[in-house]
Structure formats: structure tokens, C-alpha cells
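1. Sharing a model prediction with you, sequence too.
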Amino acid sequence: MYLIRRIFNTKPGEALNVANLLHKQAQLYHDAGQRGEFRVSYNGYTLPGDQNIVVLEWTDEAIQSPGRPGNDLPQAALEVGAKVRPLIESQRIEFMELLTPDQVV
């Protein structure tokens, strides 16, 4: 099982907007059966630490390219992504393997 985390550095003052758009996009992928349960978190400017940050994370059984053959990306999700791009300054993705009960010693 894998934890997949996308971290977005937004333009100043856009973290909440980006968080809402990413939630909408992730829900579209979830409804299309292409993503499991997910969560979105953000820090606009009211908390200590890095600001103008949005984090989208979900778990999956396998790491798969969204551009893989036969994968039909929801058009509505792509349209939401086009709205997000102008609001972010950078992004990165992290892949982590989750510790499963059978691995615990």
C-alpha cells in the first residue's frame, strides 16, 4: 500500500482557492473510480510553518501513471486542473510505502 502526496506551493493568498479546486478534482477522480479516499490540507497564512501550501494525499495499492493505456481521464477533472495551474508556483509529488500490519515486527 502506498501513500501518494502532492504538495503545491501556491501564489500568495491562493491556498484556500487551490485547496477547494483540488478537492473538487480529487472527488471527480474518486467518483470515476480512479482514486480512493483522499484528503486536502492547506496553510494560507494563519498558521506557523510554510505558508501558501496545499497538500493532496491518498492511498493506493499500486503506483500507476495517469497516462497509462486504457485509462480514461475524466474531462471535468482536466478542466479543474487547468484552473489550478495559474494559481500555483511549484509542485512536487511524494511516494511512500505504508507500513502494513504484516510488516510490523
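-> Yep, it's here. Residues are numbered from 1 along each chain as shown.

2. Okay, and the residue nearest to the spatial centre of the chain sits in which element?
-> The residue lying closest to the centre of the chain (Cα atoms, centre = their mean) is residue 56, at 3.1 Å. Assigning secondary structure by DSSP states H and E places residue 56 in strand 53-60.

3. export that strand as PDB, just CAs?
-> Taking C-alpha atoms only, strand 53-60 is exported to PDB below (Å, rounded to 0.1, in the frame of the first residue of the first chain):
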ATOM      1  CA  ILE A  53       0.900  25.400   0.800                       C
ATOM      2  CA  VAL A  54      -1.800  22.800  -0.300                       C
ATOM      3  CA  VAL A  55      -1.300  19.100   0.200                       C
ATOM      4  CA  LEU A  56      -3.500  16.400  -1.500                       C
ATOM      5  CA  GLU A  57      -2.900  12.900  -0.400                       C
ATOM      6  CA  TRP A  58      -4.400   9.500  -0.900                       C
ATOM      7  CA  THR A  59      -3.500   5.800  -0.600                       C
ATOM      8  CA  ASP A  60      -3.400   3.300  -3.400                       C
END
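
4. Can you point out the buried residues in the very next helix or strand once past it?
-> Downstream of strand 53-60, the next assigned helix or strand under DSSP H and E is helix 75-84. Buried residues in helix 75-84, counted by 16 or more other Cβ atoms under 10 Å: 77, 80, 84. (C-beta placed from N, C-alpha, C; glycine too.)

5. after helix 75-84, next one along is what?
-> Taking DSSP H and E, what comes next after helix 75-84 is strand 88-97.

6. one step back: could you give the angle of the strand holding residue 56 to helix 75-84?
-> Interaxial angle, strand 53-60 versus helix 75-84 (axes from the mean of the first three to the mean of the last three Cα atoms, to 10 degrees): 150 degrees.

7. What strand or helix carries residue 29?
-> helix 15-31.

8. circling back to that earlier point, from residue 43, how far off is the residue nearest to the centre of the chain?
-> 14 Å (Cβ to Cβ, to the nearest Å).

9. Kindly report the same for residue 54.
-> Counting by Cβ to Cβ, the gap from residue 54 to residue 43 is 8 Å.
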